[in-house]
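A.B. asks: quick one, fold the following:
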Amino acid sequence: MSRFDAYQRRHRWLGVPIAVVYKFVDDQGGYLAALITYYGFLSLFPLLLIFSTVLGFLLPGNPALQQQLIDGALGQFPIIGDQLGSTAQPLRGSGWGLTIGIVVALYGGLGVAVAIQNAFNQVWGVPVHRRPDPIRARLRSLLLLGLLGLGVLLTTALSALVAVGERFGPGLRMGAVVLAVIINAALFVLAFRALTTRRAAIREVLPGAVLAAVMWQILQSLGAIYVDYQLRGTSQVYGLFGIVLGLLAWIYVEAVVIVLAAELNAVLARQLWPRALLTMFAEDVDLTSADRRSYESYASAQQYREAETINVDFDTPEETDKP
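C.D. replies: As a prediction, the model looks like this:
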């Protein structure tokens, strides 16, 4: 074990992933992803309601394009996207009633963006007193909705390009996949910067954005394959129960990917590696400087008031990073 510990400290390709996993566990990343999943599930239908309503106003004479854009948004959920399509009915009614309905749905739909903000601030160790209040957090979350809308437009355009160019063979499809990864990486860069109170440079969030974009594309491809070969006809068998479970599982997997990508950014930007291998399993461990910086950030993140002072001391001597 000690030899493996020494090896992972000397080799970045192994030490960084271990540090990312350790920080994910320290930050209770599974619970952060579960919180994103909960609010994502609750926010999906209000946001879908708003989206279909706005499309009805912007494209009143083009229902085919409206449906194509809605399908592009639901394409991010390949396992249950088809079943959700039937729920995308716009709001209707009087002007005031419609306005109130949109505002209420928008406030509820912004919950997932607030949950993502909370996760990113936790990952970066932002003190509580520096995090935005509930109103400003939701105003900041409007940026995420803009990014989602832009992503839907670009995804729909790519899907149309692939559909038109099917006769050109797999080359065009592969090019569309590469272009989708690049576009998603750019959107993730904007999201990682916009939804984090800490000012992060592009180079600091780029590694996690690339990882998230690649994993997002892989999940989309695996989901499409799973639907084609395993889930045909199961919606009639399992009904609403299967849709709910599939939706929750899909959102949770994507939330874990996003949190892990944010952890990667924090580990690389703040030099939180290499970690001592046994810190997660034993108390009597000599901590590396990366361990100490990590635990200091966990403590400073609990600073609720600016006038509050938090000091962190360690009883054990510091261990060298490369024994």
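A.B. asks: residues in contact with stretch 59-66?
C.D. replies: If you take Cβ atoms under 8 Å, 6 or more residues apart in numbering as the criterion, stretch 59-66 is touched by 52, 55-56. (Each C-beta comes from the backbone N, C-alpha and C, glycine too.)
A.B. asks: 7 Å instead?
C.D. replies: 55-56 (Cβ atoms under 7 Å, 6 or more residues apart in numbering).
A.B. asks: just the CA coordinates for that stretch, please, in CSV.
C.D. replies: Extracted in CSV, the C-alpha atoms of stretch 59-66 (Å, rounded to 0.1, in the frame of the first residue of the first chain):
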residue,chain,number,x,y,z
LEU,A,59,-43.6,30.8,-33.7
PRO,A,60,-47.4,31.0,-33.8
GLY,A,61,-47.6,29.9,-37.5
ASN,A,62,-45.0,27.2,-37.4
PRO,A,63,-46.0,24.3,-35.2
ALA,A,64,-43.6,21.9,-36.9
LEU,A,65,-40.6,24.0,-35.9
GLN,A,66,-42.1,24.3,-32.4
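A.B. asks: renumber starting at 597 from here on
C.D. replies: In the new count, where the first residue is 597, that last one comes out as stretch 655-662.
A.B. asks: now find how far off-centre that stretch is within its chain.
C.D. replies: 30 Å (Cα atoms, centre = their mean, to the nearest Å).
A.B. asks: same deal with stretch 777-790?
C.D. replies: Taking Cα atoms, centre = their mean, the mean C-alpha location of stretch 777-790 is offset from the chain mean by 10 Å.
A.B. asks: quick one: buried residues of that stretch?
C.D. replies: 777, 779-790 (16 or more other Cβ atoms under 10 Å).
A.B. asks: could you do stretch 605-625 as well?
C.D. replies: Buried residues in stretch 605-625, counting neighbours by 16+ other Cβ under 10 Å, are found at 605, 611-612, 614-620, 622-623, 625.
A.B. asks: let's see which of those residues end up in helices.
C.D. replies: Members of the buried residues of stretch 605-625 lying in helices (criterion: DSSP state H): 605, 611-612, 614-620, 622, 625.
A.B. asks: would you format these as a markdown table with pLDDT included?
C.D. replies: Formatted as a markdown table, these follow (pLDDT from 0 to 100):
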| residue | pLDDT |
| --- | --- |
| Arg605 | 92 |
| Gly611 | 95 |
| Val612 | 97 |
| Ile614 | 96 |
| Ala615 | 96 |
| Val616 | 97 |
| Val617 | 97 |
| Tyr618 | 96 |
| Lys619 | 97 |
| Phe620 | 97 |
| Asp622 | 95 |
| Gly625 | 95 |
